[in-house]
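K.L.:
no sequence for this one, just the structure:
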């Protein structure tokens with residue numbers, strides 16, 4: 001079983017993905033161009049040799065693409081054979097290209113040796129890339145699963161009247177800012193208000209929604225859930241440089257294999273071995289010294305890291321010249337030495353980031369699991385009030401306050417466009433009355449606790465949008481469903497009507513409901529045009545995913561758009 005898991009990880013289909021092929025092509029082409037013995041000459045890379053290397057990489061990638069498309073989901077054996085065959089053909093093309101440019105005879109043993117060497121390197125390199133991609137995909141899947149579970153547990157607590165003081169303080173701040181806006185809007189709705197006054201009030205309320213309420217509600221919600229992508233390359237890079245605790249064993253072990261293999265192939269056993277040993281000693285001493293200094297002076301670790309990365313290439317090249325050429329009399333290899341020197345700081349950082357990512361992955365998953373355990377304990381003891389109340393406040397602001405202001409603003413704007421004094425006066429009176437209702441909300445008590453619920457609340461929401469939308473309502477008796485189901489149904493109707501009026505251009509809405517199998521099914525159908533759900537959904541979509549996971553849908557039908565939510 002373990003052998004199968006090992007093979008599935010290291011020889012996964014991701015090894016043949018576009019990302020893997022792109023990285024393998026870049027790394028393999030770069031390595032072949034400088035680290036594989038090319039045609040004899042003046043030491044410079046000719047365009048013919050570069051063309052031969054490019055052709056070999058193209059053939060290698062083409063073979064892997066053909067295997068991927070032919071088998072769709074190739075298994076470990078197919079991936080292994082594809083890498084062996086593709087790598088061998090790649091090596092043959094490289095060797096034939098080198099011999100052709102040298103105008104020499106083709107030696108069968110050299111061609112076979114090059115094919116075997118290329119096949120082994122291809123399997124190791126591409127399998128390593130595929131394993132990295134598989135590890136990344138596996139981590140994301142695990143993290144998202146635990147993240148969704150943590151969010152679900154965080155929103156599954158029982159309702160209660162007690163509110164966490166910090167959340168109540170946030171609502172007090174929101175209410176004070178909202179009161180200022182409502183008073184300013186009310187000043188435009190005095191008796192004899194002009195069309196410009198109505199339009200100004202509508203614009204003020206719309207700006208409050210878009211610039212204040214929506215961002216605040218979204219920010220409060222995001223504070224209660226784990227972040228979407230906890231391990232980002234940019235943050236890993238900053239953390240690696242800031243701490244500068246290099247995994248010397250892993251780094252030097254990697255260089256021993258890669259640089260050692262390239263040096264032996266390029267310069268032979270004696271010269272290549274001497275160069276590898278010299279390179280490992282110089283690089284190891286520099287990295288050990290800088291890591292020790294970073295431990296001794298942690299506040300200056302970033303500066304030590306930057307200086308080390310800048311000094312590595314010139315120091316390696318100087319040691320190659322002084323120790324290799326001058327002292328030991330080893331032949332110079334400018335192309336190979338420059339490439340190795342330049343890649344050393346980059347590779348060092350990448351290896352350190354990879355090791356840090358592995359550590360951080362374990363820490364992130366452990367922290368998320370600990371959060372889940374904590375949420376379970378909080379649910380059992382009813383101590384999760386702060387997070388739950390923050391979510392309820394964000395949803396109240398998003399659904400109730402935002403929906404109400406949207407209706408007021410749109411009605412005022414529509415009345416202003418008619419220039420009819422009677423229509424404008426009616427809109428002004430209605431707007432002032434509803435603004436006063438919002439002003440009457442107590443800034444020092446949770447507004448959702450005493451809110452009117454059930455069918456009565458849905459009727460109030462429908463009335464608020466009458467005039468802007470033609471609304472038909474057909475709902476079951478209130479006693480047919482539970483109180484918490486009606487509460488969620490009210491939020492659904494508020495969200496749907498606001499979206500229909502503000503975003504889809506609808507003029508007619510049908511709201512219906514039915515009770516079935518202990519569930520309340522709410523259907524909202526409008527004649528507007530809704531945009532498809534974005535990859536980064538809004539708070540409404542997030543909320544529906546949490547309260548009705550897999551039980552809601554937004555469909556385009558002949559009449560327009562239809563939102564269906566099954567509330568259990």
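P.N.:
Yep, it's here. Source: prediction; values computed, not measured.

K.L.:
which element is residue 509 on?
P.N.:
Counting by DSSP states H and E, the element that carries residue 509 is strand 508-516.

K.L.:
avg pLDDT for that strand?
P.N.:
For strand 508-516, the mean per-residue pLDDT is 89.

K.L.:
likewise for stretch 475-485?
P.N.:
82.

K.L.:
now what about that stretch, what contacts it?
P.N.:
Under the contact criterion Cβ atoms under 8 Å, 6 or more residues apart in numbering, stretch 475-485 has outside partners 159, 453-455, 458, 486, 489, 511-515, 519-520, 567. Heads up, the C-betas are built off the backbone N, CA and C, glycines and all.

K.L.:
now the terminal residues of that stretch, how far apart.
P.N.:
13 Å (Cα to Cα, to the nearest Å).

K.L.:
how far away from the center of its chain is it?
P.N.:
Averaging C-alpha positions (Cα atoms, centre = their mean, to the nearest Å) puts stretch 475-485 39 Å from its chain's average.

K.L.:
buried residues, that stretch. List them.
P.N.:
For stretch 475-485, the neighbour count (16 or more other Cβ atoms under 10 Å) marks 475, 481, 485 as buried.

K.L.:
how much space between the last one and residue 464?
P.N.:
Here the criterion is Cβ to Cβ, to the nearest Å. By it, residue 485 lies 22 Å from residue 464.

K.L.:
what does residue 568 give?
P.N.:
Residue 568 sits 28 Å away from residue 464, going by Cβ to Cβ.

K.L.:
looking at those two, which one has more neighbours?
P.N.:
Taking neighbours as other Cβ atoms under 10 Å, residue 568 and residue 464 compare with residue 464 leading, 20 against 13.

K.L.:
per-residue confidence, the more buried one, what does it come out as?
P.N.:
We note a pLDDT of 81 for residue 464 in this prediction.

K.L.:
ok, it touching residue 434?
P.N.:
Yes. Counting by Cβ atoms under 8 Å, residue 464 does reach residue 434; the two are 7.2 Å apart.

K.L.:
check the gap between the nearest residue in space to residue 93 that is not next to it in sequence and residue 96 for me.
P.N.:
Spatial nearest neighbour of residue 93, chain neighbours left out: residue 56 (3.9 Å); criterion: Cβ to Cβ, 6 or more residues apart in numbering. Per Cβ to Cβ, residue 56 is found 9 Å from residue 96.

K.L.:
of these two, who's got more company?
P.N.:
A side-by-side neighbour count of residue 56 and residue 96, using other Cβ under 10 Å, places residue 56 first with 26 against 15.

K.L.:
element containing the more buried one, please.
P.N.:
Following DSSP H and E, the helix or strand that holds residue 56 is helix 47-71.

K.L.:
packing partners for the helix or strand just after that helix?
P.N.:
Moving toward the C-terminus from helix 47-71, the next helix or strand (DSSP H and E) is helix 76-101. Contacts defined by 3 or more Cβ pairs under 8 Å, 6 or more residues apart in numbering; DSSP states H and E place helix 76-101 against helix 2-10, helix 47-71, helix 108-154.

K.L.:
identify the contacts common to residue 464 and residue 434.
P.N.:
Common contacts of residue 464 and residue 434, defined by Cβ under 8 Å, 6+ apart, comprise 404, 407.

K.L.:
per-residue confidence at residue 306?
P.N.:
Looking at residue 306, its pLDDT stands at 90.

K.L.:
which SSE is it in?
P.N.:
Using DSSP H and E, residue 306 falls in helix 301-319.

K.L.:
got the contact list for that helix?
P.N.:
With contact meaning Cβ under 8 Å, 6+ apart, helix 301-319 is reached by 240-244, 278-279, 282-283, 286-287, 290, 293-294, 297, 337-338, 340-342, 344-345, 348-349.
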